[in-house]
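Engineer: Sequence first, then the predicted structure:
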Amino acid sequence: MAECGPYCKAYPAKRFREYPKWTERVNSPRKDSQGPDISTSESSAINDETPLFLHETFVVTRGIYFDEEIIFNRVSPEWKQFCVLTLEFGSPQFLQASDALTHLDNPLEQ
């Protein structure tokens, strides 16, 4: 069953492509509602305006579920820095207040 984390934010693919070490998993499997894995097709190719989702784990997916359709998962200190400084990614105030995402308060220290 697909899992959704407490926070993710959508960006157009072109924003992620600004990262010098960006790579995309072209045929990232996704689960059909009946369960079997199926690969993304050319009809679902990622263009510059395709929305991709950055999760609190700094993994990028095609949809809101952090464990499906993974596009990028090479999380490094440089990637986190790019996300925080360039994309201005961080948890919203209402989540920070609830301490739901304490690891996003200062992700560059992790």
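Structural biologist: Perfect, thanks for sending it. Residues are numbered from 1 along each chain as shown.
Engineer: mind listing what's buried in stretch 73-82?
Structural biologist: 73, 79-80, 82 (16 or more other Cβ atoms under 10 Å). Quick note: C-beta positions are derived from backbone N, CA and C, even for glycine.
Engineer: For this protein, which helix or strand comes out least confident on mean pLDDT?
Structural biologist: When each helix and strand of the chain is scored by mean pLDDT, DSSP states H and E, strand 37-39 comes last, with a mean of 40.
Engineer: hmm, back to that, so which of the buried residues of stretch 73-82 belong to strands?
Structural biologist: Under the assignment DSSP state E, the buried residues of stretch 73-82 contribute nothing to strands.
Engineer: Would you agree residue 19 is in contact with residue 76?
Structural biologist: No. Applying Cβ atoms under 8 Å, one finds residue 19 not in contact with residue 76, separated by 10.3 Å.
Engineer: Give the residues shared as contacts by the two.
Structural biologist: Residues touching both residue 19 and residue 76 by Cβ atoms under 8 Å, 6 or more residues apart in numbering: none at all.
Engineer: which residues in the chain form strands?
Structural biologist: 8-12, 29-31, 37-39, 51-55, 60-61, 70-72.
Engineer: Let me know which of the ones you listed is the nearest to residue 88.
Structural biologist: Comparing the strands of the chain against residue 88 with Cβ to Cβ, the closest turns out to be strand 8-12 (9.4 Å).
Engineer: Kindly calculate the angle that that closest one makes with strand 51-55.
Structural biologist: 150 degrees (axes from the mean of the first three to the mean of the last three Cα atoms, to 10 degrees).
Engineer: Give the partner strands of strand 8-12 in its sheet and their orientations.
Structural biologist: strand 51-55 (antiparallel) (DSSP bridges).
Engineer: and the closest residue to residue 78 other than its chain neighbours, what does it touch?
Structural biologist: If the residues on either side of it in the chain are set aside, residue 78 comes closest to residue 21, at 7.1 Å by Cβ to Cβ, 6 or more residues apart in numbering. Counting by Cβ under 8 Å, 6+ apart, residue 21 makes contact with 74, 76, 78-79.
Engineer: Done for today, thanks.
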